[in-house]
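Undergrad: Show me the folded form of this:
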Amino acid sequence: MTMQTRVFIVHMLPADASRLFARASATNMMTEGYVWIVTDNIGIVLDVLPQDTIDTMLGVVGFRPYVAKSARVSGFTARFVTRYRAKFHQDPDVRVARPTIFQYWAYDVVWAIASATEKAINLRSTPRNLVDDPEVSLAGQELLNSIMDGEFDGLAGRFRFVDRKLPVPAYEIVNVIEEKTRRIGFWSPVSGLSPFLNSSTRPVQDRPRLRADQVLRTVIWPGDSTTVPRGWDFPVNGKILQIAVPVRRDFKFFVNVEASPNSSELVVNGYSIDVFEAAVKKLPYALRYKYIPYDCANSYDKLVSEVYFKTFDAAVGDVTIIANRTRYVDFTMPYTESGVSMLVLARKDEDEPTMWVFLEPLTKDLWMATVAFMVVTGLFVWMIENPINEEFKGSKWKQFSTSFYFAFSTWTFTHDQKFKSLQSKVIVVSWCFVMLVIVQSYTASLSSMLTAKRLQPSVTDPRQLLHNGHYVGYQNGSFVHSMLRRLRFEERWIKVCSTQEEYAKALKLGSKNGGVSAIFDETPYINSFLLKYGKGFQKVGPIDRTVGFGFVFPKGSPLVEDLSKAMLNLIEGPEGSHIEKKWFSDPILSLDYGSLDTDSLRLSSRNFEGLFIINGCVLGLMILINLSRRAYAK
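TA: I've put the predicted structure just below:
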């Protein structure tokens, strides 16, 4: 019970096994979460063990050689039970009177010896008693040869020898349920695990119903549970987990280890630590742990290997989930987005022409739709006001100029016409509301675009750096180095940077002055750099994708699933946002932070489709009302 494992394989004599399972049951080790597997030493006698012993073995899985049911087996069983009960009538437990494969084997062996003896005697010209024969060695060899050459259908199956050995039989896998055993499948040297033996010849109606993903029938585990146990749990002695945390030289937003001013103990904090501790509080059980600072010299592969070799029970920090590491350890679900991006200097965008920049906030279709509605609105207002309003009368040129001056003046809300018809007033109010929304949106979009265009990344493509032979940098100890080599950057063009200050200095110097033209790093690190150093730098990418940061545990640890569920609840709730704001002030862990797509700022007619539909309905309705009134007046 003081071990972490919950899977036990029992290989001992049945009498010893009876005492073992009695103790296990008394100490609550035959409950949900435990797995007990018995070898054929015990599996063979499961049907004949006393009832009180079987009661302590509920949920046990066992293996035993398979004996097919037949008329001969049934007849032998009936005779055996009758003779056993006649001799041991004082035993009230009927289970112990049943034969096992030991009795079947014994019967087949006696039958083989008898058949071989008869054959050996018949081969001699003068029959004699083999036991009293003075030529004992000759008779023994003949008897042995006859047994080895013999082959027949016995109670336990086909009896024959191959290379002086009995072939490995097919094994039946059974599950102890209540007072009996239940078959859950088979194992054979040919087909391995299978739900039934010789499935191709077995009638369909005799085959058990199985799901597509099942190899065996469902097992009833200890504690009457059908849930497959995890096989790993925390020991009952309350072991304190030794959790490694990396000692970082920089980027201490995620993990920061420092000495306490009031004691000799170390204080561990950071975004990663807060996420872990908040997730632990959501677990359905108490978890005792202790942080162990580990100086891995920024080599997180080394940190992961320490968990693999059981030096630590887990590792908590900004450890990236990559495929190679998952071969040795398990990760929780990622608690932050990630990916590899480029960090470059931002340059002023002075070359791009800006003469027509005022047109860019609206797409071509929105400009056309706006002008079309202006013209239609002016035309409809003229049609309504012309018969009753002196301002819309006069020469054709005056009527045209008045109507379209009104229509286009709504863009800047400078129209000064007085309307006499209620329908005209409704049309004007509806159209002015549309123009108010479009003008306000246009102003905001143009302001954002002018700001975004002011700064542009100096480099946008890694191939540009590779082609020009520029120096690039990466964070010390990061797996990004192998990615750069995969992108065909030569070792001499790659430089190591350890701190954010080195990032800024190297980028400002540039490749020509001993610095670098770009730094490749994981997105959260670049985001934290941008938060500190502002918009003098820009992020490009992501260049490569990774899953994100996760917490490291040994293979098979139940904490992986439990913590992942807790972290999912944490991230989806407000607590996750509070932790993020505590350390970063802004939600910088998004992959989109630090980059702005100006195309996404443009407004199209689809953005105002609802407004145009409503305004069109108002126009149509007012015209119908006006035409109806004219027709009625006539």
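
Undergrad: Which elements pack onto the strand or helix carrying residue 563?
TA: According to DSSP states H and E, residue 563 maps onto helix 558-572. Here helix 558-572 touches helix 271-281, strand 549-554, going by 3 or more Cβ pairs under 8 Å, 6 or more residues apart in numbering; DSSP states H and E. All C-beta atoms are positioned from the backbone trio N, CA, C, and that covers glycine.

Undergrad: most packed of the ones you listed?
TA: strand 549-554 (a mean of 25; mean count of other Cβ atoms under 10 Å).

Undergrad: From the contact counts, what lies against the host helix or strand of residue 531?
TA: Assigned by DSSP H and E, residue 531 falls within helix 523-533. Packing contacts for helix 523-533, counted by 3+ Cβ pairs under 8 Å, 6+ apart, involve strand 340-348, helix 500-509, strand 537-544, helix 574-584.

Undergrad: would you turn the ones you listed into JSON lines with distance to residue 39, mean neighbour count and mean pLDDT?
TA: Output for those, formatted as JSON lines (distance: least, Cβ to Cβ, whole Å; neighbours: other Cβ atoms under 10 Å; pLDDT from 0 to 100):
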{"stretch": "strand 340-348", "distance to residue 39": "51", "mean neighbour count": "20", "mean pLDDT": "78"}
{"stretch": "helix 500-509", "distance to residue 39": "60", "mean neighbour count": "18", "mean pLDDT": "87"}
{"stretch": "strand 537-544", "distance to residue 39": "50", "mean neighbour count": "20", "mean pLDDT": "78"}
{"stretch": "helix 574-584", "distance to residue 39": "49", "mean neighbour count": "15", "mean pLDDT": "84"}
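
Undergrad: so which of these gets nearest residue 156?
TA: Closest to residue 156 of those is strand 537-544 (Cβ to Cβ; 61.6 Å).

Undergrad: and the closest one with helix 500-509, angle?
TA: Counting by axes from the mean of the first three to the mean of the last three Cα atoms, to 10 degrees, strand 537-544 lies at 100 degrees to helix 500-509.

Undergrad: Parallel or antiparallel, which strands does strand 537-544 pair with?
TA: strand 340-348 (antiparallel) (DSSP bridges).

Undergrad: need the strands for the stretch 51-200 of the chain, in chain order.
TA: All strands of the stretch 51-200 of the chain, identified by DSSP state E, counting those that start in this stretch, fall at 61-65, 152-154, 157-159, 171-177, 180-188, 192-194.

Undergrad: Dump the ones you listed to JSON lines, plus mean pLDDT, mean neighbour count and distance to residue 306.
TA: Formatted as JSON lines, the strands of the stretch 51-200 of the chain follow (pLDDT from 0 to 100; neighbours: other Cβ atoms under 10 Å; distance: least, Cβ to Cβ, whole Å):
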{"stretch": "strand 61-65", "mean pLDDT": "94", "mean neighbour count": "20", "distance to residue 306": "35"}
{"stretch": "strand 152-154", "mean pLDDT": "89", "mean neighbour count": "14", "distance to residue 306": "57"}
{"stretch": "strand 157-159", "mean pLDDT": "88", "mean neighbour count": "17", "distance to residue 306": "52"}
{"stretch": "strand 171-177", "mean pLDDT": "93", "mean neighbour count": "21", "distance to residue 306": "39"}
{"stretch": "strand 180-188", "mean pLDDT": "90", "mean neighbour count": "17", "distance to residue 306": "38"}
{"stretch": "strand 192-194", "mean pLDDT": "86", "mean neighbour count": "13", "distance to residue 306": "36"}
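
Undergrad: Which among those is found nearest to residue 233?
TA: Between these, strand 61-65 lies closest to residue 233; by Cβ to Cβ that is 18.5 Å.

Undergrad: Counting by contacts, list what the closest one packs against.
TA: The contact analysis (3+ Cβ pairs under 8 Å, 6+ apart) places strand 61-65 against strand 35-38, helix 40-43, strand 171-177, strand 180-188.

Undergrad: Next one: residue 554 from residue 319, what distance?
TA: Between residue 554 and residue 319 the computed distance is 14 Å (Cβ to Cβ, to the nearest Å).

Undergrad: now do residue 329
TA: 9 Å.

Undergrad: you'd agree residue 11 is up against residue 43?
TA: No. Counting by Cβ atoms under 8 Å, residue 11 does not reach residue 43; the two are 10.4 Å apart.

Undergrad: Comparing the two, which shows the higher neighbour count?
TA: residue 43 (26 against 11; other Cβ atoms under 10 Å).

Undergrad: which residue ranges form the helices in the stretch 351-500 of the chain?
TA: According to DSSP state H, counting those that start in this stretch, the stretch 351-500 of the chain carries its helices in the segments 364-385, 396-409, 422-454, 462-468, 480-486, 500-509.

Undergrad: out of the ones you listed, nearest to residue 216?
TA: Short answer: helix 480-486, nearest of the helices of the stretch 351-500 of the chain by Cβ to Cβ, at 42.2 Å.

Undergrad: Mind listing what's buried along the closest one?
TA: Residues 480, 481, 483, 484 are the ones in helix 480-486 that count as buried (16 or more other Cβ atoms under 10 Å).

Undergrad: and residue 311, what is it in contact with?
TA: Shown in contact with residue 311 (Cβ atoms under 8 Å, 6 or more residues apart in numbering): residue 244.

Undergrad: Tell me the secondary structure of it, please.
TA: When classified by DSSP: H, G, I helix; E, B strand; the rest coil, residue 311 comes out as coil.

Undergrad: now swap in the one 4 residues further on and tell me
TA: Three-state secondary structure (criterion: three-state DSSP) places residue 315 in strand.

Undergrad: So for residue 224, which of the helices of the stretch 351-500 of the chain sits nearest?
TA: Among the helices of the stretch 351-500 of the chain, if distance is taken as Cβ to Cβ, the winner is helix 480-486, at 50.4 Å.

Undergrad: same for that closest one, what does it pack against?
TA: Secondary-structure packing of helix 480-486 (3+ Cβ pairs under 8 Å, 6+ apart): strand 472-475, strand 494-497, strand 518-522.

Undergrad: Single out the most deeply packed of those strands.
TA: Of the helices and strands packed on helix 480-486, strand 518-522 is the most buried (mean count of other Cβ under 10 Å), at a mean of 26.

Undergrad: who touches that one?
TA: 320, 338-344, 459, 462, 465, 470, 472-475, 478, 480, 483-484, 497, 503, 506-507, 526, 540, 543, 546.

Undergrad: Equivalent analysis for stretch 15-35, please.
TA: By Cβ under 8 Å, 6+ apart, stretch 15-35 touches 1, 6-8, 10, 12, 36, 38, 41-42, 49-50, 53, 56-61, 221-225, 227, 229-231, 233.

Undergrad: ok, 6 Å please
TA: 6, 7, 10, 42, 53, 56, 57, 222, 223, 225, 229, 233 (Cβ atoms under 6 Å, 6 or more residues apart in numbering).

Undergrad: Can you select the buried ones among those for me in ChimeraX?
TA: In ChimeraX, this line selects whichever of these come out buried by 16+ other Cβ under 10 Å:
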select :6,10,42,53,56,57,222,229
